[in-house]
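[1] Sequence first, then the predicted structure, then my questions.
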Amino acid sequence: MEYFHLVFTVPESIAAIAFYNKEILYEILFRVTAQTLLTIAGDPRRWGVEAGFFAVLHSWGQNLHFHPHLHCVVPGGGLSADGRRWISGRRRFLLPVTHLLHQAGGSSPFPIGCNFENDLVTRLLSS
């Protein structure tokens, strides 16, 4: 089965703040990543499928600095809306990056933009 490897990370400025609030950061990172992937895969204009994936959290980069990011493995297709058949995706790429960026509400290199940052700031201020 064909699969795709996506990496979701956060801007350095957010990671610096979140270093002291890792639990909040990780919860938001997993939630927003899942919402982004499932919403776009389920959009009939894209795939229109129920997609599955798994994500692995890495909290440090190769240089041993705090660099939280998720590695996601996504199969190259998904189940139809009725769950009765497999629908294969495109061969060269999973989904256009511009659609991932738009869905997450951002324009940074990371598909989790404004929505992620607003949620994180709100949670940090209320804790």
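    Sure, I can see it.
[2] only C-alpha atoms for contact and neighbour calcs from this point on.
    Fine.
[3] in stretch 48-64, what counts as buried?
    48-52, 55, 57, 59 (16 or more other C-alpha atoms under 10 Å).
[4] in this protein, which segments are predicted with low confidence?
    90-127 (pLDDT under 70).
[5] strands paired with the longest strand anywhere in it, and their directions?
    Longest strand in the chain by number of residues, with DSSP state E as the criterion: strand 66-75. Taking DSSP bridges as the criterion, strand 66-75 forms sheet pairs with strand 3-9 (antiparallel), strand 54-60 (antiparallel).
[6] Not counting its own residues, what contacts the last one?
    In other words, strand 54-60. 30, 66-74 (C-alpha atoms under 8 Å, 6 or more residues apart in numbering).
[7] Just the buried residues of the residues you listed.
    30, 66-70, 72-74.
[8] ok, of these, which one's closest to residue 12?
    residue 67 (7.6 Å; C-alpha to C-alpha).
[9] For the residue nearest to the closest one when sequence neighbours are not counted, list each beta-bridge partner.
    Distances taken as C-alpha to C-alpha, 6 or more residues apart in numbering place residue 60 nearest to residue 67, at 4.7 Å, with adjacent residues excluded. Applying DSSP bridges to residue 60 gives these bridge partners: residue 66.
[10] go on, residue 71?
    residue 7, residue 56.
[11] quick one: it from residue 34, how far?
    As judged by C-alpha to C-alpha, to the nearest Å, residue 71 and residue 34 stand 12 Å apart.
[12] Check this structure and tell me which residue is nearest its centre.
    When C-alpha atoms, centre = their mean is applied to the chain, the residue found nearest the centroid is residue 33 (2.6 Å).
[13] does that residue belong to a helix or a strand, and which?
    helix 22-42 (DSSP states H and E).
[14] who's in contact with the closest residue to residue 19 other than its chain neighbours?
    Leaving out its chain neighbours, the residue that sits closest to residue 19 by C-alpha to C-alpha, 6+ apart is residue 66, at 7.3 Å. Contacts for residue 66 (C-alpha under 8 Å, 6+ apart) come out as 15-16, 19, 59-60.
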